[in-house]
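Participant: A structural model of the following input is requested.
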Amino acid sequence: MNEDTVDRLNTIIQQLHDRALALSQSTSQEGQDHALMMSALAILTEAVRALDDEVARLDGPRGIGAAGS
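Facilitator: Take a look at the predicted model:
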């Protein structure tokens, strides 16, 4: 992923966490369900970002291996 994509993911993750926190204060079951789904989506998005970081680390610097292709 390029830096722009990572920055957008970071923004989305933060927005999801913030919205989930706000919804978790809801007294309705539906609001709490939405909060749970948003938290799960944020965690999944963080995992994708972490996986990309790990792949980039394993692939090595540009010019060596697949990253240089």
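Participant: and the most centrally placed residue in the chain, what is it in contact with?
Facilitator: In the chain, the centroid-proximal residue (Cα atoms, centre = their mean) is Thr45; its distance is 2.6 Å. Neighbour list for Thr45: 9, 12-13, 16 [criterion: Cβ atoms under 8 Å, 6 or more residues apart in numbering]. Placement of C-beta: from N, CA and C, glycine included.
Participant: of those residues, which belong to helices?
Facilitator: 9, 12-13, 16 (DSSP state H).
Participant: turn the contacts of Thr45 into TSV, columns for pLDDT.
Facilitator: Shown next, in TSV, are the contacts of Thr45 (pLDDT from 0 to 100):
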residue	pLDDT
Leu9	86
Ile12	88
Ile13	87
Leu16	88
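Participant: which one (most neighbours) among those residues?
Facilitator: Counting neighbours by other Cβ atoms under 10 Å, Leu16 comes out on top of the contacts of Thr45 with 21 neighbours.
Participant: from Met37, how far out is it?
Facilitator: For Leu16, the distance to Met37 equals 10 Å [Cβ to Cβ, to the nearest Å].
Participant: off-centre distance for the helix or strand where Ala35 lies?
Facilitator: Using DSSP states H and E, Ala35 sits in helix 29-59. With Cα atoms, centre = their mean, to the nearest Å as the basis, helix 29-59 stands 4 Å off its chain's centre.
Participant: for it, buried residues please.
Facilitator: Judged by neighbour count using 16 or more other Cβ atoms under 10 Å, the buried positions of helix 29-59 are 34-35, 38-39, 42, 45, 49.
Participant: save those as JSON lines, and put in pLDDT too.
Facilitator: Formatted as JSON lines, the buried residues of helix 29-59 follow (pLDDT from 0 to 100):
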{"residue": "His34", "pLDDT": "88"}
{"residue": "Ala35", "pLDDT": "88"}
{"residue": "Met38", "pLDDT": "87"}
{"residue": "Ser39", "pLDDT": "89"}
{"residue": "Ala42", "pLDDT": "89"}
{"residue": "Thr45", "pLDDT": "89"}
{"residue": "Arg49", "pLDDT": "86"}
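Participant: I'd like the distance between Leu36 and Ala20.
Facilitator: To Ala20, Leu36 is 8 Å away according to Cβ to Cβ.
Participant: cool, thanks, talk later.
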